[in-house]
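>>> output the structure for:
(2 chains)
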Amino acid sequence: MRRMQRSALLGAVLGAALLQGGCATRSQLPDPPPLMDPPEQAQQSQEALKPWQRGTLAKSEMAWDPDPLLADYRRHVQFSKEAASGGASLGGGGCGCN
Amino acid sequence: MVKAGMLAAALLLATPAALAVNVGEAPPPLVAQDAAGNWQRLQDYRGKVVYVDFWASWCGPCREAMPQYERIYQAWAARGLVVIGVNVDSDRADAARALKRRPVSFPVVYDPAGSWPERFALPAMPTGYLIGRDGIVRHVHAGFRSGDLPALEALIEKALGEKP
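Coordinates of the predicted model:
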């Protein structure tokens, strides 16, 4: 019984310490500064690209990997070197054999 | 406050869903120039079945669709089918190159500013609008897959069979 009382007291003390210790909650954090002025932001969010406006995006130089062969080669080098961590994909087993 | 409300209403009305051309509606009065500089007007083809195809050289499915539309046009032009290709490339040379590789005999008009796709509020690229002899949209074909062709051909044939 005494033991229970003691653990309850310890819990209360710990809880109070946490509350007192400035354990920051979201509401206590200052608001992050806006990335840009609100009107500018609103203007940009309205400028969604329409299906017929994707001509520039469709150019080969706009691709993530403009040269698929070179990108594949680089990926091969990376996962061969980074075998333990699995390269750019899922975690590897660490055996080093790819 | 009233201003904000009006702005909200305007934005709501300006959404593509509100503007999009749907089945059963009259399409916007498409007028644009072809390669020779002649004005092509959608209303001039009243009484015919018109398939308006919005395409661009950078769009793979559009390029795939062109020879198919050419085949359909050749087969049914005598029965009153007209295909109008509306090119939305910002550079006319890109369109010319694409047409050189896949020549078509139906009229192709150019809208580099993209004002007509805006008026039609295209849901996708390509989009085709099948317009009946009465000038009312019968079918909106968003995107293109070769598997869509039998159903599309059936719709065109049905529209061709209708009385103006």
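>>> next secondary structure element downstream of the host helix or strand of B:Leu99?
Using DSSP states H and E, B:Leu99 sits in helix B:92-101. Using DSSP H and E, the helix or strand that follows helix B:92-101 in sequence is strand B:108-110.
>>> after that following strand, which helix or strand is next?
Following strand B:108-110 toward the C-terminus (DSSP H and E): helix B:115-120.
>>> which parts of that next one count as buried, going by neighbours?
Buried residues in helix B:115-120, counted by 16 or more other CB atoms under 10 Å in any protein chain shown: B:Trp116, B:Pro117, B:Glu118, B:Phe120. For glycine as for every other residue, the C-beta is placed from the backbone atoms N, C-alpha and C.
>>> quick check: which of these are also close to chain A?
B:Pro117, B:Glu118 (CB under 8 Å from any CB of the partner chain).
>>> relative to A:Pro66, which of the buried residues of helix B:115-120 is nearest.
A:Pro66 has its nearest neighbour among the buried residues of helix B:115-120 in B:Pro117, at 27.6 Å by CB to CB.
>>> excluding its backbone neighbours, what's nearest that closest one?
Among residues not flanking B:Pro117 along the chain, A:Trp52 sits closest, at 4.1 Å (CB to CB, 6 or more residues apart in numbering or on different chains).
>>> count the residues that sit near B:Gly161.
Residues lying near B:Gly161 (other CB atoms under 10 Å in any protein chain shown) number 10.
>>> just B:Asp91 next, same as before
Residue neighbour count, defined by other CB under 10 Å, stands at 12 for B:Asp91.
>>> next SSE downstream of the helix or strand bottoming out on mean pLDDT in chain A?
Lowest on mean pLDDT, DSSP states H and E among the helices and strands of chain A sits helix A:38-46, with a mean of 55. Using DSSP H and E, the helix or strand that follows helix A:38-46 in sequence is helix A:68-81.
>>> the helix of greatest length in chain B vs chain A: in contact?
Scanning chain B for the helix with the most residues, using DSSP state H, yields helix B:60-76. No - Helix B:60-76 is not in contact with chain A by CB under 8 Å from any CB; minimum separation 8.7 Å.
>>> buried ones in that helix, by neighbour count?
So helix B:60-76, judged by 16+ other CB under 10 Å, has buried residues B:Cys62, B:Arg63, B:Ala65, B:Met66, B:Tyr69, B:Glu70, B:Ile72, B:Tyr73, B:Trp76.
>>> out of those residues, which comes closest to chain A?
In terms of CB to the nearest CB, no member of these lies closer to chain A than B:Cys62, at 10.2 Å.
>>> and chain A, which of its residues are near chain B?
Counting by CB under 8 Å from any CB, chain A sits next to chain B at A:Gln46, A:Lys50, A:Pro51, A:Trp52, A:Gln53, A:Arg54, A:Gly55, A:Thr56, A:Ala58, A:Lys59.
>>> wait, the third one sits on B:Met125?
So the one you mean is A:Pro51. Yes - counting by CB atoms under 8 Å, A:Pro51 does reach B:Met125; the two are 4.5 Å apart.
>>> who has more neighbours out of these two?
B:Met125 (25 against 20).
>>> from B:Ala78, how far out is the more buried one?
The gap separating B:Met125 from B:Ala78 is 30 Å, by CB to CB, to the nearest Å.
>>> residues near B:Asp30, how many?
Actually, residue B:30 is Leu. It isn't Asp. 21.
>>> alpha carbons only: can I get stretch B:140-148 in CSV?
This file holds the C-alpha atoms of stretch B:140-148, laid out as CSV (Å, rounded to 0.1, in the frame of the first residue of the first chain):
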residue,chain,number,x,y,z
VAL,B,140,-16.5,14.1,-74.4
HIS,B,141,-13.5,11.8,-74.9
ALA,B,142,-10.8,12.6,-72.3
GLY,B,143,-7.5,11.0,-72.9
PHE,B,144,-6.8,8.4,-75.6
ARG,B,145,-6.2,4.6,-75.5
SER,B,146,-6.4,2.4,-78.5
GLY,B,147,-8.9,0.3,-76.6
ASP,B,148,-11.3,3.2,-76.5
